[in-house]
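A.B. asks: Give me a 3D structure for the following:
(chains A and B)
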Number of protein chains: 2
Amino acid sequence: MANPTQQRATINLLQQPSSQAWLNLALANLDTLLLDHSHCERKAAAVALNLMFRYPSRERLVRQLTVIAREELEHFEQVNAWLARRGVPLAPLDAPPYGARLKALCRRPEPERLLDSLLLAALIEARSHERLSLLAQHCPEPELAAFYDSLVVSEARHYGVYWVLADTYFPRSQVQDRLQALAKTESEILATLHSEPRVHS
Amino acid sequence: MANPTQQRATINLLQQPSSQAWLNLALANLDTLLLDHSHCERKAAAVALNLMFRYPSRERLVRQLTVIAREELEHFEQVNAWLARRGVPLAPLDAPPYGARLKALCRRPEPERLLDSLLLAALIEARSHERLSLLAQHCPEPELAAFYDSLVVSEARHYGVYWVLADTYFPRSQVQDRLQALAKTESEILATLHSEPRVHS
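C.D. replies: Residues are numbered from 1 along each chain as shown, chains lettered A, B, ... in the order given. Predicted coordinates for the structure are as follows:
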């Protein structure tokens, strides 16, 4: 089967597109994927808020991540409304290894920590954007597909914001080199499909 | 001088009103108070989000705290706009002992931890409501006073939400007994005015 992302515009931040195997797993487990998606939106709000706490004097970062945190909470509400509509109760769900493995790549000393935090957030948003786009295209339930489609524009804006913030605070060449290295690992992590259906399996 | 809150409707959750000394300190340091207020709004969003993380299956808590977190982020944006307008740059600020001393009262085992977390959040919101009301009444700058007044209704709703959540998950008598004990300590903490101008000095 052709790679499902070959028909789409290139997501420049990502080094490898998602596999058909991921899409098949996701489409066969739409309820579980929605529940995991809910957790992802809450975590995305927390990522933005944590950066606002860690860098309280960075005016541009604080201003732009406030908007992102609010939007992630709106999406969280919307996904939860879909869960309620489908009779899926809110519940904890084991996270796939993706987030922890990416987090381990973040260097601890500043200013590298800021650069890595922004680029890792950009990559996660870019992957979410790519995968929600695939669900919007291939989900067999038209209303749910339309919902995914409604989220895609925000996800794209979010990874743009994180990238622009990195580009604001660091030289372009440093941003590009580090992004390339992180993006390579991000694709490698996803090359082995996690057995449970998750947004980032 | 008469206690400044004696003219106002009773805030039932609080055992003692704020002192005139606090109000004098606040009014003499409006810029610092605004900067601290900005930190308070961001922290309030984090409190709501952290509870959403800790209790992901509590539907009512998750739904209502999502709304609160979004509103706190809106207030954070609004306070930051006021800081920008007054030429006060975003910056870290030492927190007064209030938050840490209240947090130390939270029992660790569940379900007591949930009860205490909700009631402490309710008390902090109630105190914020009382103090923002005082600023709305006494701030010598009419536009800033009007801004404080615009926030007062939300703060009241927020402490109501936390109280109702406690009342949803725990027997009324248990909620009332614990609230009384926590409120007593909350007032005792504030009986000694912190030397720096803060919302919770």
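A.B. asks: Please identify the buried residues of the helix or strand that A:Q64 is a member of?
C.D. replies: Following DSSP states H and E, one finds A:Q64 within helix A:59-85. Buried residues in helix A:59-85, counted by 16 or more other C-beta atoms under 10 Å in any protein chain shown: A:61-62, A:64-66, A:68-80, A:82-83. In this view, the C-beta of every residue, glycine as well, is placed from N, C-alpha and C.
A.B. asks: Which residues of chain A lie near chain B?
C.D. replies: Residues of chain A lying close to chain B by C-beta under 8 Å from any C-beta of the partner chain are A:39, A:42, A:45-46, A:49, A:52-53, A:56-59, A:62-63, A:66, A:69-70, A:73-74, A:76-77, A:80, A:89-92.
A.B. asks: go with 6 Å
C.D. replies: Within chain A, the positions near chain B by C-beta under 6 Å from any C-beta of the partner chain are A:46, A:49, A:56-57, A:59, A:62, A:66, A:69-70, A:73, A:77, A:90-92.
A.B. asks: And those, which is closest to B:E196?
C.D. replies: Among the residues of chain A next to chain B, A:P56 lies closest to B:E196 (C-beta to C-beta), at 16.7 Å.
A.B. asks: Let me know the secondary structure of that closest one.
C.D. replies: Per DSSP: H, G, I helix; E, B strand; the rest coil, the secondary structure class of A:P56 is coil.
A.B. asks: Kindly report the same for A:L35.
C.D. replies: At A:L35 the chain is in helix, as set by three-state DSSP.
A.B. asks: Quick check, pLDDT for it.
C.D. replies: Note for A:L35: predicted pLDDT of 96.
A.B. asks: With pLDDT and distance to B:L23 as extra columns, can I get the residues of chain A next to chain B in a markdown table?
C.D. replies: Below are these laid out as a markdown table (pLDDT from 0 to 100; distance: C-beta to C-beta, whole Å):
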| residue | pLDDT | distance to B:L23 |
| --- | --- | --- |
| A:A46 | 96 | 35 |
| A:L49 | 96 | 31 |
| A:P56 | 93 | 26 |
| A:S57 | 94 | 29 |
| A:E59 | 94 | 30 |
| A:V62 | 96 | 29 |
| A:T66 | 97 | 29 |
| A:A69 | 97 | 32 |
| A:R70 | 96 | 32 |
| A:L73 | 97 | 34 |
| A:E77 | 96 | 38 |
| A:L90 | 95 | 43 |
| A:A91 | 94 | 47 |
| A:P92 | 93 | 45 |
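A.B. asks: tell me which of the residues you listed is nearest to A:L34?
C.D. replies: Distance to A:L34 across the residues of chain A next to chain B (C-beta to C-beta) is lowest for A:L90, with 10.8 Å.
A.B. asks: What are the buried residues along stretch A:167-182?
C.D. replies: Buried residues in stretch A:167-182 (16+ other C-beta under 10 Å): A:Y169, A:F170, A:V175, A:R178, A:L179, A:L182.
A.B. asks: In helices, which of those residues appear?
C.D. replies: Secondary structure from DSSP state H places A:Y169, A:V175, A:R178, A:L179, A:L182 of the buried residues of stretch A:167-182 in helices.
A.B. asks: of all those, which comes closest to chain B?
C.D. replies: The closest of these to chain B turns out to be A:Y169 (C-beta to the nearest C-beta; 14.9 Å).
A.B. asks: any weak-confidence spans in chain A?
C.D. replies: By pLDDT under 70, the low-scoring segments of chain A are A:1-11.
A.B. asks: give me every residue that touches the closest residue to A:A121 other than its chain neighbours.
C.D. replies: Among residues not flanking A:A121 along the chain, A:Y162 sits closest, at 4.6 Å (C-beta to C-beta, 6 or more residues apart in numbering or on different chains). By C-beta atoms under 6 Å, 6 or more residues apart in numbering or on different chains, the contact set of A:Y162 is A:L118, A:A121, A:A122.
A.B. asks: and with 8 Å instead?
C.D. replies: Going by C-beta atoms under 8 Å, 6 or more residues apart in numbering or on different chains, A:Y162 touches A:L118, A:L119, A:A121, A:A122, A:E125.
A.B. asks: For chain B, see how far away the residue nearest to A:Y169 when sequence neighbours are not counted is.
C.D. replies: Closest residue to A:Y169 apart from its sequence neighbours, by C-beta to C-beta, 6+ apart: A:L114 at 6.5 Å. From A:L114 across to chain B, the span is 15 Å (C-beta to the nearest C-beta, to the nearest Å).
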